[in-house]
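1. Fold the following for me, if possible:
(2 chains)
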Amino acid sequence: MDMLDADVCVVGAGAGGAVVAAELAEGGARVVVLEQGPRHDPDGFTARPPEMLARLYRDACQTATVGAPPILLPLGRGLGGTTLVNSGTCFRTPPHVLERWAAEFGLELDVATLRPCFERVEQALSVTEVTPELAGANAAVALRGAERLGWSHGYLRRNARGCVGSGVCVFGCPTSAKQHTGITYIPRAGAAGARIVTGADVQEILVEGGRARGVSARLADGHRLDVRAPEVVVACGTIHTPLLLARSGLEDPSGQRGRNLALHPATSAFALMDEEVDMARGVPQSAYVDEFASEGFMFEGAAGPPAYAAMVLPLTGARHTRAMADYRRLAQFGLMVSDESRGRVRAVAGRPLIRYDLGARDLHKFRAGLARMEELFLAAGAREVYLPLARGVRPEHARVRDLKLMAFHPLGTARADARATHGVTDGDLALHVAAGVHVADGSVVPSALGVNPQLTIMALATRLAFHLLGRAVPERQPDLEESACPS
Amino acid sequence: MSAGAGVERFLAAAPWPQRLGLRVLLALVRRPRGAALLSRAPLAEQAAWSVLALGRYDDPQLGRALGWDAAAVAARGLALRRAEGRP
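-> Next up, the predicted model:
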């Protein structure tokens, strides 16, 4: 058995863990980071979807929920976590969501409190708005439709630097333009002295007398590694964090561990245009339409190379073949629902079983969203629109089983709540039941956000790191622009 | 890597229930009677087509015919990273 000593052991190197590790290490703490996945070499990013799905995603991108309907839940694996394979979209937490958190969960996380955290993260990740040139023709189609309909829309802000619009953000950025945490915060952590261990599968958080003592992990070669540390930051992601907490024997008086799973269920539609779109030329997720954000759904760009488009195109048989023959004239856009349905994660035979059933209110949002999506494409001049519904089903008559859904933003399974009877973690992201155990990933986010969550997770992680250091988050450096929020 | 090899790797890396399920669906969708059977279960039919199409359109030659050259995208990335010292 190998043994390491640290002030803080961070479990997971994704959006939350990498940020905490870098800030703590740069603040002078001795940090060990244990990441289950590998370090990915961008020289091996081939821009070919099947190969990249197998290499960069947990379970080869085939993690799925059980329920009605089943929902595919892509999760990244390796240094960078899901930030390695997401689209790079950056939204701050909407103010109305923070107000809800204060009222419902007793969290003192207002706009002013989080502002320096967001600014710090945005600067570290080079967050800027996509330019129209880089957005490409696919975004132009949707924005033209929104313009003609008078719907609120805009270009997204992303964590990218030197992007040339390779069109494969979710298959590993071949230019390393996307500033995922594996090439930003993790190198910073390493440079500041943090020990980064990949291939480390953490089995248990060690707790004695109600206080963290470290963690025990199994390495890829089968050896056991124990890290002795008085502070443990769990950042395994929304699906795996509650499982680690449970198998560590930690109590859960709230009964909320593994529950409250929100997903932002999503889908996408295609349209056959007259013009050449070449959807993979440009930033796939570069624009948004937030006209209906207050109704609980939003449109965001989606696009990719032929193999990707063929995989998600909601057609079969000869219709699929005909549509793909016109791939160069296909446009795609995504629909994301801010869900009120809630699911649950628990371990079965050591693996997560994710139960999630789409509720009636969210079904209504999908019906409305798909009808609006069709309207958007038709306004943009589409010859045909391919909605993700069973053949012959109109949006207004869609049933849950007719929907073809994916979800990219699992949240809430170790939710923060000031009350130990209602939440797994407190407002400072400390576990209610054990001193020195903290959580810094999407699992602490107590409700759906309605926007992509990576910036929220990173801002909360920044706040946690400085809390552990006993310092205020430094104020902003010059030259930062304001971040976009949906209306 | 051939298109078929990419999908094989994709399937091999999946958890066994998904791997087994997708292999069965692929076997069905490739046969006329199986495809007819699948047409009665739209979600299963879509899943089968998704994997089938993922492999088919990963073919570099077909990709180039549709305006997409994965090798060129990867090569440009490599050249940019080398030239600008990106990670």
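2. Leaving out sequence neighbours, find the closest residue to residue 49.
-> I'll assume chain A. Leaving aside its chain neighbours, A:P49 sits nearest to A:A307 (4.4 Å; criterion: C-beta to C-beta, 6 or more residues apart in numbering or on different chains). (Glycine included, C-beta is placed from N, CA and C.)
3. actually it's chain B I care about, not the one you picked
-> Closest to B:W49 by C-beta to C-beta, 6+ apart is A:T316, at 4.4 Å.
4. give me the number of residues near the one you found?
-> When neighbours are defined as other C-beta atoms under 10 Å in any protein chain shown, A:T316 has 22 of them.
5. B:A47 is in contact with that one, correct?
-> No: the criterion here is C-beta atoms under 8 Å, and A:T316 misses it with B:A47 at 10.0 Å.
6. Pick out the residue nearest the middle of the chain.
-> In the absence of a named chain, this looks at chain A. The C-alpha lying nearest the average C-alpha coordinate of chain A belongs to A:H409 (C-alpha atoms, centre = their mean; 4.4 Å).
7. think we crossed wires, I meant chain B
-> B:L54 (2.5 Å).
8. circling back to that earlier point, and the residue nearest to the centre of chain A, what is it in contact with?
-> A:A262, A:L263, A:H264, A:G442, A:A448, A:L449, A:N452, A:P453 (C-beta atoms under 8 Å, 6 or more residues apart in numbering or on different chains).
9. That one and chain B: what is the separation?
-> Separation of A:H409 from chain B (C-beta to the nearest C-beta, to the nearest Å): 21 Å.
10. before we move on, what about A:D428?
-> Distance from A:D428 to chain B, by C-beta to the nearest C-beta: 33 Å.
11. Tell me how many other residues surround the closest residue in space to that residue that isn't next to it in sequence.
-> Spatial nearest neighbour of A:D428, excluding adjacent residues (C-beta to C-beta, 6+ apart): A:H467 at 5.6 Å. Neighbours of A:H467 under the rule other C-beta under 10 Å: 15.
12. Then A:A465?
-> 30.
13. give me the element it is part of.
-> In this assignment (DSSP states H and E), A:A465 forms part of helix A:454-469.
14. Buried residues, that helix. List them.
-> The neighbour-count check on helix A:454-469 (16 or more other C-beta atoms under 10 Å in any protein chain shown) flags A:454-466, A:468-469 as buried.
15. In terms of secondary structure, what does that helix contact?
-> Packing partners of helix A:454-469 (3 or more C-beta pairs under 8 Å, 6 or more residues apart in numbering or on different chains; DSSP states H and E): helix A:17-26, helix A:111-124, strand A:231-234.
16. Please list the outside residues in contact with the first one.
-> It refers to helix A:17-26. A:7-8, A:10-11, A:13, A:31, A:33, A:35, A:79-81, A:83, A:121, A:181-182, A:184-186, A:188-189, A:192-194, A:196, A:233, A:235, A:440-441, A:458, A:461-462, A:464-466, A:468-469.
17. Over to the shortest one?
-> For strand A:231-234, the external contacting residues (C-beta under 8 Å, 6+ apart) are A:7-12, A:16-17, A:20-21, A:205, A:212, A:214-215, A:241, A:244-245, A:414, A:436-441, A:464, A:468.
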